[in-house]
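K.L.:
coordinates only, sequence not included:
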Ligand SMILES: Cc1ncc(C[n+]2csc(CCOP(=O)(O)OP(=O)(O)O)c2C)c(N)n1
Ligand code: SF4
Ligand SMILES: [Mg+2]
């Protein structure tokens, strides 16, 4: 896939004339802006991009992107996007989805997309609620959550989207918080450049039906203590004063304070996003606050042949050895003549 | 067996090239049915006999009757596999109601197939398999070969296992390997009995077992032993010959199944449109062979995507259609149920898409291996909202190529999803198909919008319409300046922007309906086979065509005022259908369902309709539809 790269693209080149219909204050605005900035920076022109979504507040995304787009049906964006990509591998394809769209109704398509590793980027807006249908619990809502459909508290054990993704053979797994423009830019740029399915979980605030769901992580005053920005090849150090680290006890991560008990930077776990063994990516995915800081950035980025490349390669391979002879095909192997 | 006026006695060559000492009787048509365990190679045997009959110039039609279970225990009723072949020196349209010759490999095969054998028909039974255990499994209290219960038939008992074993004496083979050759003995015998050209089977055995010299030798020996047995035994005193058919249009023919022909029609349509073919599918009986067939032909740029389920399969096809491929999804009834929401998306987005439903018995899992026509209502109406879809149906295996091609042509021309209905009998049945000349196939113009330059006002209107077809532009994905968004929400006409406007929704609902109705301008006028007015008109869709056409011709031959109209297109219907219906006293609609087309017709045309419905997982027979017609005719 070689696109004409333009250095002069601006975020507004990716904006449509459609009035954006999200609630004022919704986290989706920041994500839209982040994506438009990332695409402008990437320089692939809008007509070489397709944005595909299912149904949900988040899935309105394609209407606001001046690319080709499909606003599909609930949960099915990965399948629609797969069709677009298999048909036209030269298009860069982005999928926007919600926690309900991708993990409930579309759970099957989601895991199969990751397993196949179709070359497309999937952004999951995780607000831990069904926004569009006005506030029911979602597959990422915490146990005990009170919503309109769970007035006595949810008894549904939630998914951890990233560990699910790693378990489903995901080759690229990243995460950022809607308000964290810096990590957003980094993760989106890497996802855009990745060849294969790039899955990005975005902690998104639904200020109407689940306001503050991520406040414990997103608030400026806590963010550096409660999240850890992963950097490939770097020791895992975090904290407002960068005084804490993560080290591995075998396969068990552990938080430590630098300078205590004789432990220092040299003891910290060195993040290897390219480790082909998914075990450590899984450990990272399972790290949740308050026991651990929550990882943001790129947890895993391991290239393997993408499905579209393999399929198209097979077609090309056959075409190079076998002539497409329509009459021969129609005739088959045992025709006879009636005179 | 239908005798030909000129029954003759002659001597002809044997498998080993010698002359036969037995006389030959000439017949017009024969229906032969092979039945045995799924492991007995019945489908293969039937296929080889069909190929040899077709090569001998007969018209043929087949009906494979698959067992309900793939690996049912040997000897059980559930494991019985059947294959019926009708071969004739006349033009025939059905695999035949009942068999002149029934070959059974075990008691279960006899128990479940005896009802298909004509009175005084020839029954060839593998008596070795009529053991106490097998008899019990088939539900026989006593051995029918011995208890006189088969007195109405001409019974020929063969110790197939022993005869096969004898033919293989001296070869180092296990008992199991010997057992697996016995279908070739039966095949050799019927080849002798009907004077079929043995070299075809011998060539095929050579091809199949070329790499395994012992099996090659063994199967050839057994096949020849079967032939020689016919020649030498006292059992058979006469051979039969069905001469080459003479009322068949000249041309090059091949035998083709409905599923194969559909696959070829799709490839040909993509070729003639200059498009790549994209298939999204999830395996389901009896549609899967279309996926298998298309997966073989990557040299045509065909991309087959075996999705995680039917929903993903159609959604991927919709994505591929947006990306300008000839997009197809194939399934059976349960799969259509899963696809229905996405079918609505295709209606809303007005993208070309071909949805193929190879119907089987329902509801739910129903009868996966049996045929039925019960998805008509589902494809016409089984979606939320006002969601009109174009629907056409295949009438026979040899019609499948044209129907698949037509479905693609209309989908592309009108930018609509089109449902193509087939069924289990068409899918797996085979008949001779006159191979079209590829150079004379029509071309299909995808007519892409692939430049922003000539747009009025410089702006793309994704839901602007061609005044004649109401088709919207099929924008070439990736064209600069034509970026646009589509989806399942209601659109403003022309701009395609989201619209909740009440008047616009009313208008768009009417437009989507009008678009499907506009397809009628592409449909030829009704062809009335028979008198243009009269006592009785029989209206069919789908696979009952062959039985009904045969029965109608027979009644016409007997001087009855009967005509036949077959509908390839069900939505829309030919524009003159209503007028044709008025010209007949009675209108009969035979279907393998509980009366679906008849309901559609009743709602549309203000007249009385009669119905004939049998929902037994089997094709309608000529005899039963004829009887239904006779009951409606004045004496
Ligand atoms: C087949 C179907 N079932 C249900 C719905 C209703 N529905 C629309 S969006 C949605 C949930 C959306 O939640 P999520 O994916 O988390 O998106 P959000 O609105 O939170 O961004 C539901 C249940 C639908 N549109 N289609
Ligand atoms: S309901 Fe929530 S997620 Fe949806 S637009 Fe409003 S704030 Fe955003
Ligand atoms: Mg949500």
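P.N.:
Looks like it came in fine. If you're wondering where the values come from, they're calculated on a predicted model, not measured in any experiment. Ligands and ions are numbered 1, 2, ... in the order given.
K.L.:
could you report the pLDDT at the nearest residue to residue B:277 once chain neighbours are set aside?
P.N.:
Leaving aside its sequence neighbours, residue B:277 sits nearest to residue B:270 (CB to CB, 6 or more residues apart in numbering or on different chains; 3.8 Å). Where C-beta positions appear, they are placed from N, C-alpha and C, glycine not excepted. On pLDDT, residue B:270 comes in at 98.
K.L.:
what parts of the stretch 151-300 of chain A come near ligand 1?
P.N.:
Proximity of the stretch 151-300 of chain A to ligand 1, by CB under 6 Å from any ligand atom, involves no residues.
K.L.:
three-state assignment of the residue in the stretch 151-300 of chain A that ligand 1 sits nearest to?
P.N.:
The minimum distance from the stretch 151-300 of chain A to ligand 1, using CB to the nearest ligand atom, falls at residue A:206 (6.1 Å). Under the three-state scheme (DSSP: H, G, I helix; E, B strand; the rest coil), residue A:206 adopts coil.
K.L.:
need the contact list for it.
P.N.:
A:26, A:27, A:57, A:127, A:129, A:131, A:213 (CB atoms under 8 Å, 6 or more residues apart in numbering or on different chains).
K.L.:
ok so, going back, now the residue nearest to residue B:277: which helix or strand?
P.N.:
Element membership for residue B:270 (DSSP states H and E) is helix B:258-273.
K.L.:
any idea how chain B splits into domains?
P.N.:
According to automatic domain parsing, chain B comprises the domains B:24-241, B:251-522, B:534-632.
K.L.:
picking that back up, TSV for the contacts of residue A:206, including pLDDT, secondary structure and neighbour count?
P.N.:
TSV is the format used below for those (pLDDT from 0 to 100; DSSP: H, G, I helix; E, B strand; the rest coil; neighbours: other CB atoms under 10 Å in any protein chain shown):
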residue	pLDDT	secondary structure	neighbour count
A:26	98	coil	23
A:27	98	coil	26
A:57	98	coil	25
A:127	98	coil	31
A:129	98	coil	27
A:131	98	coil	28
A:213	98	coil	23
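K.L.:
who's in contact with the nearest residue to the residue of the stretch 151-300 of chain A closest to ligand 1 once chain neighbours are set aside?
P.N.:
Spatial nearest neighbour of residue A:206, excluding adjacent residues (CB to CB, 6+ apart): residue A:127 at 3.9 Å. Residues near residue A:127 by CB under 8 Å, 6+ apart: A:27, A:58, A:98, A:99, A:138, A:204, A:205, A:206, A:209, A:210, A:213.
K.L.:
how about stretch A:90-110, does it reach ligand 2?
P.N.:
No: using CB under 6 Å from any ligand atom, stretch A:90-110 stays clear of ligand 2, with a minimum separation of 8.0 Å.
K.L.:
out of everything not next to it in sequence, what's closest to residue B:617?
P.N.:
In space, and not counting its chain neighbours, residue B:617 is closest to residue B:370: 2.9 Å by CB to CB, 6+ apart.
K.L.:
that neighbour belongs to a strand?
P.N.:
No: assigned with three-state DSSP, residue B:370 falls outside any strand and is coil.
K.L.:
from ligand 2, how far off is it?
P.N.:
For residue B:370, the distance to ligand 2 (CB to the nearest ligand atom, to the nearest Å) stands at 49 Å.
K.L.:
check contacts around that residue.
P.N.:
Listed by CB under 8 Å, 6+ apart, the contact partners of residue B:370 are B:68, B:360, B:361, B:424, B:617, B:618.
K.L.:
may I have the phi/psi pair for it?
P.N.:
Here is the backbone geometry of residue B:370 (degrees, to the nearest 10): phi -110, psi 160.
K.L.:
ok, now residue A:292?
P.N.:
Per degrees, to the nearest 10, the backbone of residue A:292 is at phi -130, psi 160.
K.L.:
what sits against it?
P.N.:
Contacts of residue A:292 (CB under 8 Å, 6+ apart): A:228, A:246, A:253, A:255.
K.L.:
then residue B:47?
P.N.:
Counting by CB under 8 Å, 6+ apart, residue B:47 touches B:62, B:83, B:430.
K.L.:
and if you look at residue A:302?
P.N.:
Counting by CB under 8 Å, 6+ apart, residue A:302 has contacts A:171, A:172, A:273, A:274, A:275, A:276, A:278.
K.L.:
tell me how many other residues surround the second one.
P.N.:
Right, residue A:172. 27 (other CB atoms under 10 Å in any protein chain shown).
K.L.:
report the contact partners of the residue lying closest to it once chain neighbours are set aside.
P.N.:
Counting by CB to CB, 6+ apart, residue A:172 lies nearest to residue A:198, which is 4.0 Å off, once chain neighbours are set aside. Neighbouring residues of residue A:198 by CB under 8 Å, 6+ apart: A:120, A:121, A:122, A:172, A:174, A:190, A:191, A:192.
K.L.:
neighbour-wise, which of the residues you listed leads?
P.N.:
For the contacts of residue A:198, neighbours tallied by other CB under 10 Å; top is residue A:174, 31 neighbours.
K.L.:
where exactly do the helices run in the stretch 1-150 of chain A?
P.N.:
A:28-42, A:77-87, A:99-100, A:107-116 (DSSP state H, counting those that start in this stretch).
K.L.:
I'd like those as CSV, with mean neighbour count appended.
P.N.:
Formatted as CSV, the helices of the stretch 1-150 of chain A follow (neighbours: other CB atoms under 10 Å in any protein chain shown):
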stretch, mean neighbour count
helix A:28-42, 21
helix A:77-87, 31
helix A:99-100, 29
helix A:107-116, 22
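K.L.:
a markdown table for the ones you listed, including distance to residue A:144 and mean pLDDT?
P.N.:
Below are the helices of the stretch 1-150 of chain A laid out as a markdown table (distance: least, CB to CB, whole Å; pLDDT from 0 to 100):
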| stretch | distance to residue A:144 | mean pLDDT |
| --- | --- | --- |
| helix A:28-42 | 26 | 98 |
| helix A:77-87 | 30 | 98 |
| helix A:99-100 | 17 | 98 |
| helix A:107-116 | 22 | 98 |
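K.L.:
name the spans of the chain whose pLDDT lies under the cut-off.
P.N.:
You didn't pick a chain, so chain A it is. For chain A, the stretches flagged by pLDDT under 70 are A:1.
K.L.:
you looked at the wrong chain, it should be chain B
P.N.:
Low-confidence segments of chain B (pLDDT under 70): B:1-19.
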